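>>> I would like the atomic coordinates for the input below:
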Amino acid sequence: MDETEVSRSLQAYPGLGRTVFRPGSDEPLHRKSRPFVLEGISMRLFAWEPPEPGARWEPWLRAGYAVFAVAFALTVVVDAFAHETVMLGLGLVDEAGFALGRFEGQLAGLSPAWLVVMLSLAGFVLAWNGVMLYRGLSPAPALPRRRILSFFLLTVVLSLMFYLGLALAGTASALAGHGFFFGFSLVRHYTEWCGALVARMPTVVNLPGPLALVATIALGDLFQYWFHRLGHTWRPFWLLWHRPHHLNTYLTIPTTQPVFAAFPLFFILSVPFLLGVGVCAKLFHSEAMIGEALLLRMLGQIVLIGSHNTALYSTFWRSRPLRVLSAFFGEGPYHYMHHSALPGHSLINLGGPLFMLWDRVFGTYVSPSETQPPVGLQGSPRLHLNPLRLGLAGLWQLGYELRHNRGIVTRLRVLFGSSNFAPAQSRDYVLR
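Numbers count the residues shown, from 1 in each chain. Just a heads-up that it's a prediction; the model follows:
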């Protein structure tokens, strides 16, 4: 890295350190503190962006797409059987219990007729998701491979940060004398705690099966609607949790960041979510609705693939069966509209099943358009494509604002205010 590159990097990344020279001299007058010992390494870490893959990478890309398509399709089906849908009870991917054991337990609880229906549907969903995902990723001249690579690496970064948070919890646990793995298993502990708490919740009214199903879906989606809405309107939730999910301007499954991997908020986010969906499931029915839950989950997976896939928008819009199923679950083109970068679309289509009931009630429903909208942040600003920078941007911005703005009230608004709040001194690290 020559002097010109260093100078430009320091201007572009002011938080990485700056040298001030005496007038007319090459002697340093003052050097600000840096987050890394080796400045050159730090600048490369946060300035690097993936190059555009050349033609020689095409066979490897095709192979990678095929492997991911198969792996994702298998994961979708196994997860659907291994965890009750979040609409009907506890069921995040980090739920305690080995997946195969839960899979066997749920199959054992189904009648032969249910079993035939579910296994047939599972086979169809597996093949459907694999084919659709490969179609959405298959190489084409317009496919922004460089951007896809950058946001795939961002997904990896956010996932690793999840485990970094668990490692920090484990370290704190070890220092407190409870052992490293007690803290590292924190997610399992509070999932079990939430499950035990929900199990003690009384059933307010034990409705017949179909009514219980409808009431549970409606109430559960009301909770998820407002939880999602907070992700857009409350500053810490937006910057640290939900904004990375909305950064990409070309959506694919491997580049749509896992929202619950938010660092360091996943400790805070998961508990109310687990309790909220669990309580909603318990209020109207005392027994688990395993067959109904599996059926809904598998049907939902048919259209979920179209919710975050730019290449599949027209496919789902033109097919009437897919459009109707998408409308019921609030997925496919209906959720794709939620990612729209058009003016006035920053808070639309937040809900889900029962034809986006709560979006219609609270005035945030927008019908999908035949013309595919651009997606990403409002106004489609130019973004840095460095994965570390994109992953840490929210933390950096809050840190910058706390450091450069004065007053307790202002700092409280920086940390806990509306996502529309803009302090006098701010810096957005995702924008060029």
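
>>> Check which helices and strands whichever helix in the chain runs longest sits against.
Secondary structure assigned by DSSP state H gives helix 145-175 as the longest helix of the chain. Judged by 3 or more Cβ pairs under 8 Å, 6 or more residues apart in numbering; DSSP states H and E, helix 145-175 is in contact with helix 180-184, helix 186-199, helix 266-282, helix 387-404. (Glycine included, C-beta is placed from N, CA and C.)

>>> now the longest one and helix 145-175, what's the angle there?
What it means is helix 387-404. With axes from the mean of the first three to the mean of the last three Cα atoms, to 10 degrees as the basis, helix 387-404 and helix 145-175 are set at 60 degrees to each other.

>>> May I have helix 387-404 as PDB, with CA atoms only?
Once non-C-alpha atoms are left out, helix 387-404 reads as follows in PDB (Å, rounded to 0.1, in the frame of the first residue of the first chain):
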ATOM      1  CA  PRO A 387     -18.600  -7.700   4.600                       C
ATOM      2  CA  LEU A 388     -17.000  -6.800   8.000                       C
ATOM      3  CA  ARG A 389     -17.900  -3.100   7.500                       C
ATOM      4  CA  LEU A 390     -21.500  -4.000   6.600                       C
ATOM      5  CA  GLY A 391     -21.800  -6.300   9.600                       C
ATOM      6  CA  LEU A 392     -20.300  -3.900  12.200                       C
ATOM      7  CA  ALA A 393     -21.800  -0.700  10.700                       C
ATOM      8  CA  GLY A 394     -24.600  -0.400  13.300                       C
ATOM      9  CA  LEU A 395     -22.300  -0.700  16.200                       C
ATOM     10  CA  TRP A 396     -19.800   1.700  14.700                       C
ATOM     11  CA  GLN A 397     -22.600   4.300  14.000                       C
ATOM     12  CA  LEU A 398     -23.900   4.100  17.600                       C
ATOM     13  CA  GLY A 399     -20.400   4.400  19.000                       C
ATOM     14  CA  TYR A 400     -19.600   7.400  16.800                       C
ATOM     15  CA  GLU A 401     -22.800   9.200  17.700                       C
ATOM     16  CA  LEU A 402     -22.300   8.600  21.500                       C
ATOM     17  CA  ARG A 403     -18.800   9.900  21.200                       C
ATOM     18  CA  HIS A 404     -19.500  13.000  19.200                       C
END
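
>>> what about it, average pLDDT?
Throughout helix 387-404, pLDDT has a mean value of 93.

>>> now stretch 76-88
Mean pLDDT, computed over stretch 76-88, is 59.

>>> buried ones in stretch 147-162?
147-155, 157-158, 161-162 (16 or more other Cβ atoms under 10 Å).

>>> any idea how far Leu312 lies from Gly136?
With the distance defined as Cβ to Cβ, to the nearest Å, Leu312 ends up 5 Å from Gly136.

>>> just curious, which of the buried residues of stretch 147-162 is nearest to Phe263?
Met161 (3.8 Å; Cβ to Cβ).

>>> Alright, calling it a day.
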